[in-house]
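**Q** fold the following, please.
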Amino acid sequence: MSLTELGQKTLVMGVVNVTPDSFFDGGLHDTEDDAVRYAGDLVRDGADILDVGGESSRPGAAPVKAEEEQRRVLPVIERIKRFGMPVSVDTYKADTARKAIRSGATLVNDITAFRGDPEMVEVVAEADCTYIMMHMQGTPETMQLQPKYVDVIDDICAFFEERMNFAVKRGVRLERIWLDPGFGFGKTVSQNLELLRRLGEFRGFGRPILIGTSNKSTIGRVLNLGAEERTEGTAATVVMGIANGADVVRVHDVKRMARVAKMTDAILGRGSYD
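**A** Numbers count the residues shown, from 1 in each chain. Below you'll find the model as predicted:
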């Protein structure tokens with residue numbers, strides 16, 4: 001699989017957390033062998049992209065040193081590239097991204113949009129890789145304390161415009177940038193729901209849009225359910241996201257959400273089934 005189907009169907013990015021403390025699956029795949037086996041399961045379940053992360057970005061999470069992050073993710077990336085799927089590294093650290101690209105990653109998923117490490121933009125420009133630019137107010141440690149916006153969509157749009165200009169001036173090709181408005185990252189429940197309703201407003205940038213709503217606390221707040229019971233709520237956000245313009249959905253439950261995405265695509269007229 002390559003990224004050539006982008007725009008023709010919704011791509012499903014499967015989450016491979018090699019962490020002990022991620023909010024949904026921390027500790028379940030935190031050894032190399034477990035993570036590789038799990039990545040293989042995601043491929044069989046219908047993942048189009050594998051996103052490997054070695055540091056939790058849940059609200060309140062503390063940073064992890066680059067050496068530890070690399071110990072977790074680099075061997076996994078090196079082994080799962082044999083599956084023939086695009087591999088993304090979920091990191092904001094330039095050295096981790098550089099080494100992950102050498103190990104086989106072709107996408108960098110950066111929750112800080114180049115703000116976390118001043119060297120990241122040089123790494124991405126030199127590698128000419130796909131770069132996922134996410135909006136986040138604050139840091140994982142502080143983002144949910146008191147998020148405030150004049151208008152959540154207008155403020156995120158202004159952020160994306162500034163960050164894309166920053167990147168392009170430093171050698172990153174605009175064609176390599178994807179946008180993630182950061183559902184759950186420094187936003188209230190109401191702001192997250194508004195983000196989904198108005199997702200189509202980001203289409204004006206002409207760049208692919210990725211959403212990551214899977215099992216997040218907004219779903220739990222609306223449905224009064226724990227993280228392990230949010231499958232249906234996640235499905236609703238995936239449908240709404242795709243209907244409003246998402247090109248890529250980042251999910252934990254790839255098997256079910258790949259089916260949801262395929263059905264939503266069919267309703268929207270993508271593909272022929274007669």
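**Q** can we go C-alpha only for contacts and neighbour counts from here?
**A** OK.
**Q** where does this protein dip in pLDDT?
**A** In the prediction, the chain carries residues with pLDDT under 70 at positions 1-2, 21-30, 60-61, 139-146.
**Q** what helix or strand does the nearest residue to Arg79 once chain neighbours are set aside sit in?
**A** Take Arg79 and drop its neighbours on the chain: the residue closest to it by C-alpha to C-alpha, 6 or more residues apart in numbering is Val36, 7.0 Å away. Using DSSP states H and E, Val36 sits in helix 32-45.
**Q** residues touching the residue nearest to Arg79, list them.
**A** Shown in contact with Val36 (C-alpha atoms under 8 Å, 6 or more residues apart in numbering): Val76, Arg79, Ile80.
**Q** could you measure from the residue lying closest to Arg176 once chain neighbours are set aside over to Asp34?
**A** Once flanking residues are discounted, Arg176 sits nearest to Thr130: 4.6 Å by C-alpha to C-alpha, 6+ apart. Separation of Thr130 from Asp34 (C-alpha to C-alpha, to the nearest Å) stands at 27 Å.
**Q** between the two, which is the more surrounded one?
**A** Neighbour count, other C-alpha atoms under 10 Å: between Thr130 and Asp34, Thr130 has more, with 22 against 14.
**Q** what's the local residue count around Asp247?
**A** Quick note: Asp247 (other C-alpha under 10 Å) scores 22 neighbours.
**Q** which residues sit against the longest helix seen in the chain?
**A** In the chain, taking DSSP state H as the definition, the longest helix is helix 152-169. By C-alpha under 8 Å, 6+ apart, the residues outside helix 152-169 that reach it are 113-114, 121, 135, 149, 173-174, 177, 179, 181, 191, 195, 198, 201-202.
**Q** now the strands for the stretch 101-250 of the chain?
**A** Counting by DSSP state E, counting those that start in this stretch, the stretch 101-250 of the chain has strands at residues 107-110, 130-134, 177-180, 210-211, 248-251.
**Q** just put these in JSON lines and tack on distance to Asp155.
**A** Below are the strands of the stretch 101-250 of the chain laid out as JSON lines (distance: least, C-alpha to C-alpha, whole Å):
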{"stretch": "strand 107-110", "distance to Asp155": "19"}
{"stretch": "strand 130-134", "distance to Asp155": "13"}
{"stretch": "strand 177-180", "distance to Asp155": "14"}
{"stretch": "strand 210-211", "distance to Asp155": "17"}
{"stretch": "strand 248-251", "distance to Asp155": "22"}
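**Q** one step back: quick one: the residue nearest to Arg176 from Pro147, how far?
**A** Thr130 is 29 Å from Pro147, by C-alpha to C-alpha.
**Q** between the strands of the stretch 101-250 of the chain, which one is nearest to Gly226?
**A** strand 248-251 (16.5 Å; C-alpha to C-alpha).
**Q** C-alpha coordinates for the closest one, CSV please?
**A** C-alpha atoms of strand 248-251 as CSV (Å, rounded to 0.1, in the frame of the first residue of the first chain):
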residue,chain,number,x,y,z
VAL,A,248,-7.3,10.2,7.2
VAL,A,249,-8.7,8.8,10.5
ARG,A,250,-6.3,7.8,13.3
VAL,A,251,-7.8,5.0,15.3
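**Q** chain center to it: distance?
**A** Its chain's C-alpha centre and that of strand 248-251 lie 7 Å apart, by C-alpha atoms, centre = their mean, to the nearest Å.
**Q** neighbours of Gly104, how many?
**A** Residues lying near Gly104 (other C-alpha under 10 Å) number 20.
**Q** you'd agree it is up against Arg82?
**A** No. If you go by C-alpha atoms under 8 Å, Gly104 and Arg82 don't touch, sitting 9.2 Å apart.
**Q** which neighbours do these two share?
**A** Common contacts of Gly104 and Arg82 (C-alpha under 8 Å, 6+ apart): none found.
**Q** which neighbouring elements make contact with the longest strand along the chain?
**A** When the chain is parsed with DSSP state E, its longest strand is strand 11-17. On a contact count with 3 or more C-alpha pairs under 8 Å, 6 or more residues apart in numbering; DSSP states H and E, strand 11-17 meets helix 32-45, strand 49-53, strand 248-251, helix 254-267.
**Q** in CSV, list these along with distance to Leu3.
**A** Shown next, in CSV, are these (distance: least, C-alpha to C-alpha, whole Å):
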stretch, distance to Leu3
helix 32-45, 15
strand 49-53, 9
strand 248-251, 11
helix 254-267, 16
